[in-house]
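Asker: with the input below, show me the fold.
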Amino acid sequence: MLVSLVAGVGFGLSLIIAIGAQNAFVLRQGLRREHVFAVVAVCALSDVLLIAVGVGGLGSLIQAAPWLLDTMTIGGAAFLIVYGLLAARRAFRPSAIDADAAGKPTSLRTAVTTCLALTWLNPHVYLDTVILLGSVAGSHGDDRWWFGLGAAIGSIVWFTVLGYGARALRPLFAKPAAWRVLDALIAVVMFAIAASLLRGVG
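Answerer: Alright, predicted model coming up:
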């Protein structure tokens, strides 16, 4: 039981600690101190649900319907391209935190909607969390739910640390140049992920 729980924490963290669209958004909201709790909660709860689906064995349904994954891939790539373009535009018009909180304030609805889109329209989430994690959890037999619990704990801890820990970087982002670099990096990440998704269609 304990071995599966610890293994789940480690495996779950290995899947989400990479620079990606979702992490970049959480980091940016954390730096802005804007709707951090809501964004962290949406990401963590979404992961918990997806992990439960994967451990429950529903990953086989996605594998059996490749057209469904292709549809999500195209939609997710389109969203990432749009979000990347917005980040690129911000990179050309950076603002310091002390000036206007690095841009116009984002409404709670917009922040949550964007977070949901970055999470649920990303096919990598289903491939990694539902199919891959679900398969590894299955190898733990009767302890697979302990493995899933460990992965869920890892996800909750990661998003909490990322969202609230970003505040420690605020002094660095008091300068417009730092926001220019961050938004340029976010744009590159979004475009790169979108390109990789589209290459896998079909």
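
Asker: going forward, measure contacts between C-alpha atoms and count neighbours the same way
Answerer: Noted.

Asker: for C115, which non-adjacent residue is spatially closest?
Answerer: Spatial nearest neighbour of C115, chain neighbours left out: V39 (6.5 Å); criterion: CA to CA, 6 or more residues apart in numbering.

Asker: quick check, central residue of the chain?
Answerer: Nearest residue to the geometric centre of the chain (CA atoms, centre = their mean): Q22, 2.6 Å.

Asker: quick check: pLDDT value at that residue.
Answerer: Model confidence at Q22, given as pLDDT, is 86.

Asker: repeat for R28
Answerer: If you check R28, the pLDDT there is 85.

Asker: next: the one 4 residues further on.
Answerer: pLDDT recorded at R32 is 86.

Asker: that one and V125, how far apart?
Answerer: The gap separating R32 from V125 is 25 Å, by CA to CA, to the nearest Å.

Asker: A152 now?
Answerer: Here the criterion is CA to CA. By it, A152 lies 14 Å from V125.

Asker: so these two - more neighbours on which side?
Answerer: Neighbour totals were compared for A152 and V125, and A152 leads with 26 against 19 (other CA atoms under 10 Å).

Asker: name the helix or strand for the closest residue to that one other than its chain neighbours, please.
Answerer: Nearest residue to A152, sequence neighbours excluded (CA to CA, 6+ apart): V48, at 5.2 Å. Element membership for V48 (DSSP states H and E) is helix 36-55.

Asker: packing partners for that helix?
Answerer: For helix 36-55, the packing partners by 3 or more CA pairs under 8 Å, 6 or more residues apart in numbering; DSSP states H and E come out as helix 21-32, helix 108-120, helix 133-138, helix 144-165.

Asker: so what touches the first one?
Answerer: With CA atoms under 8 Å, 6 or more residues apart in numbering as the test, helix 21-32 has contacts from 17, 35-36, 39-40, 43, 80, 97, 101-102, 115, 118-119, 159, 162-167, 169-170, 173, 186, 189-190, 193.
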